[in-house]
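Chemist: Provided below are the primary sequence and the corresponding predicted coordinates.
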Amino acid sequence: MNDLGCCAAPAHPATAPRYFGGYRPLVSELSAVCLPEPTAGRLLGSWQWDVPALLLVAVLGGLYGWGAVRVRRRGGSWPPARLAAFALLGLGAIVVTTMSGLAVYDRELFWPAAVQNVGLDLLAPLGLALGDPLRLAVEALPEGGAARVRRALTGRIVRLLTFPLVSTVLVLATELTVYFTPYFDTALRVGWLHELMYLHLLAAGCLFVLPVLTREQALPAWCTHPVRAALVFLDGIVDALPGLVVMTHGTLIAGAWYLHHAPPGSDVHHDQQLGGGAMLGIAELVAIPFLLTVLARWARAERDGTAAMDRRLDAELAAAAVASAVAAPVDAANGTANGAAELVRPWWETEEGEVAERVRRQGPGD
């Protein structure tokens, strides 16, 4: 055994790709080597380069940073909290899932691969969506570019894919397809398909989260804040299903692969149960801040609406008071009491503004 505990001689260091703490075998060489049982130290200290994932992170981060700088140069502002969420939670999750110890061990044990996949499917999209890249694109691009972005958001294909129930089903179908078809097993053996699976999971997760959290109008008008909260709650339940199914599934997922490549002494059945439990736990942990964010925006929208109504009401009352003050001397000179009679009537019966109309519909005591 070598210093990493491999059960066979690894590829020569001159040809094997380097990862922090040792050498990561090529996919074609995985049948010849196995890694030691993962510990907290090995998981935290083992890293490898994933060039496609690194390029994706660089492109997304570069575009987002360019947009934030452009908004500020045009006299606007971009909240640091959105930038932090996009960079740390969104891009950070992509880096950790594809290049950390999870990636080092994803072909030796099932549970690191399961954590990877649910992180790309749920956690990374939430971080990216909290950064609101769609609104940033609209504010950063010239008027023509912003109009094209908004047209794309309202296009038929985008509206179909991001329709709340459709996107929820697509996320669920993606997870089930990965694990219960030859997709995952083949991806373990074929490097480019493994990278494509990463991208597939990330894109599927973004289909639901981005439209719900963006401040652009990316959902139908009936998707009000209460409806969005209900949809997110339902989505949290649906996202838990793949973990439950994997955890209770009697047949091993990619069993032939993991039986051959698991570290000595590993229980692959327990490994799969652990992976399903991790999927379930992460799905629920992601659902909580997602739902809290939607509820917080709902509460903020209600406060803003109430404040706007109060300002409109004050303006209408002030205008009514001025009109009454002007009309009162005229009525007094004519010897009539019509002005006083009008003042006795409630304001919502005499005014024609939006606030008065709303009070008439709801009743003054509501």
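Modeler: Sure, I can see it. Residues are numbered from 1 along each chain as shown.

Chemist: any idea of the mean pLDDT for the lengthiest helix in the chain?
Modeler: Determined from DSSP state H, the single longest helix within the chain is helix 268-334. Averaged over helix 268-334, pLDDT sits at 80.

Chemist: and that helix, what does it pack onto?
Modeler: Judged by 3 or more CB pairs under 8 Å, 6 or more residues apart in numbering; DSSP states H and E, helix 268-334 is in contact with helix 110-118, helix 124-130, helix 191-213, helix 225-248, helix 255-261, helix 338-344, helix 347-350, helix 354-362. The way it works is simple: take the backbone N, C-alpha and C, and place the C-beta from them, glycine included.

Chemist: adding mean pLDDT, mean neighbour count and distance to residue 68, write those out as CSV.
Modeler: Formatted as CSV, the helices and strands packed on helix 268-334 follow (pLDDT from 0 to 100; neighbours: other CB atoms under 10 Å; distance: least, CB to CB, whole Å):
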stretch, mean pLDDT, mean neighbour count, distance to residue 68
helix 110-118, 95, 26, 29
helix 124-130, 96, 25, 14
helix 191-213, 94, 20, 17
helix 225-248, 92, 17, 26
helix 255-261, 90, 15, 43
helix 338-344, 49, 13, 55
helix 347-350, 67, 15, 46
helix 354-362, 66, 14, 37
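
Chemist: looking at those helices, which is closest to residue 85?
Modeler: Among those, helix 124-130 comes nearest to residue 85, with 3.6 Å by CB to CB.

Chemist: which residues sit against the helix or strand following that closest one?
Modeler: Counting by DSSP states H and E, the element after helix 124-130 in chain order, helix or strand, is helix 133-140. Helix 133-140 is contacted from outside by 63-64, 66-68, 70-71, 74, 76, 78, 82, 86, 145-146, 149-150, 153, 210, 214-216, 218, using CB atoms under 8 Å, 6 or more residues apart in numbering.

Chemist: circling back: angle of the longest helix of the chain against helix 110-118?
Modeler: 20 degrees (axes from the mean of the first three to the mean of the last three CA atoms, to 10 degrees).

Chemist: and stretch 70-82, C-alpha only, in PDB?
Modeler: Provided in PDB are the C-alpha atoms of stretch 70-82 (Å, rounded to 0.1, in the frame of the first residue of the first chain):
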ATOM      1  CA  ARG A  70     -21.200  48.400 -14.600                       C
ATOM      2  CA  VAL A  71     -24.200  49.100 -12.500                       C
ATOM      3  CA  ARG A  72     -22.100  51.200 -10.000                       C
ATOM      4  CA  ARG A  73     -20.400  53.100 -12.800                       C
ATOM      5  CA  ARG A  74     -23.800  54.100 -14.100                       C
ATOM      6  CA  GLY A  75     -24.700  55.600 -10.800                       C
ATOM      7  CA  GLY A  76     -26.600  52.700  -9.400                       C
ATOM      8  CA  SER A  77     -25.900  50.300  -6.500                       C
ATOM      9  CA  TRP A  78     -25.800  46.600  -6.100                       C
ATOM     10  CA  PRO A  79     -26.300  45.200  -2.600                       C
ATOM     11  CA  PRO A  80     -23.200  43.500  -1.200                       C
ATOM     12  CA  ALA A  81     -25.400  40.700   0.300                       C
ATOM     13  CA  ARG A  82     -26.400  39.600  -3.200                       C
END
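
Chemist: chain center to that stretch: distance?
Modeler: The chain centroid and the centroid of stretch 70-82 are separated by 21 Å, computed with CA atoms, centre = their mean, to the nearest Å.
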